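> below are the sequence and a predicted model; questions follow.
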Amino acid sequence: MTQPTSQTADERDDAAWRYDGLRALYINCTLKRSPERSHTQGLIDRSRQIMERHGVAVSELRAVDHEIATGVWPDMTEHGWDRDAWPQLFPQVLAADILVLCGPIWLGDNSSVMKLVTERLYGCSHPATPSRRRPTPAGSGRPAPARPIWIPGRAGRRTTSPTATPPSPPGT
């Protein structure tokens, strides 16, 4: 016979599935600078809570708050750009066991900031990049081609978004 416990089923599941020692980095590719609220940040906050509940150490950065130059080289200042924050940010990518890229969908496509970050990740995974600077998750430095998305109005009520205004009751 089992002893009664004060833990809920969710709490027992949380205790059973621990990932202590793993590090996750969220790169927020919203178009909105800090501290402006964004739908993307709301989704990150929800996902972050789940990871932290399971023991994952989580950090995040908002790409648009940094001067990341466009291009595919690890340091674009070596290729004519005055400034490039990517060489200072990329070590965080390398230190992460889990990399989560998050951003809005505009007209069925990723945001320009998401494309910029993906481009820089690709540049650092290129075979010409020294291996000490190249990420190699699952044997490849390239980001996964599949990406989960959330489109307001299609995958749930708009009120699930942290910045949404609740809809008016019918007939008002």
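Yep, it's here.
> pull the residues that contact stretch 50-60.
14, 17-28, 44, 48, 92, 96, 98 (C-beta atoms under 8 Å, 6 or more residues apart in numbering). (Glycine included, C-beta is placed from N, CA and C.)
> quick one: S112 and I68, what's the gap?
Distance, S112 to I68, by C-beta to C-beta, to the nearest Å: 11 Å.
> do Q41 as well
Q41 sits 18 Å away from I68, going by C-beta to C-beta.
> S112 and I68: who's more crowded?
I68 (21 against 14; other C-beta atoms under 10 Å).
> test my guess that that one contacts D84.
Yes: I68 is in contact with D84 according to C-beta atoms under 8 Å; the separation is 6.8 Å.
> just to revisit the earlier point, filter the contacts of stretch 50-60 down to the buried ones.
For those, a burial check counting by 16 or more other C-beta atoms under 10 Å picks out R23, A24, L25, Y26, I27, N28, I44, R48, A96.
> tell me if I am right that the second one is in a strand.
Yes: read with DSSP: H, G, I helix; E, B strand; the rest coil, A24 is one of the residues of a strand.
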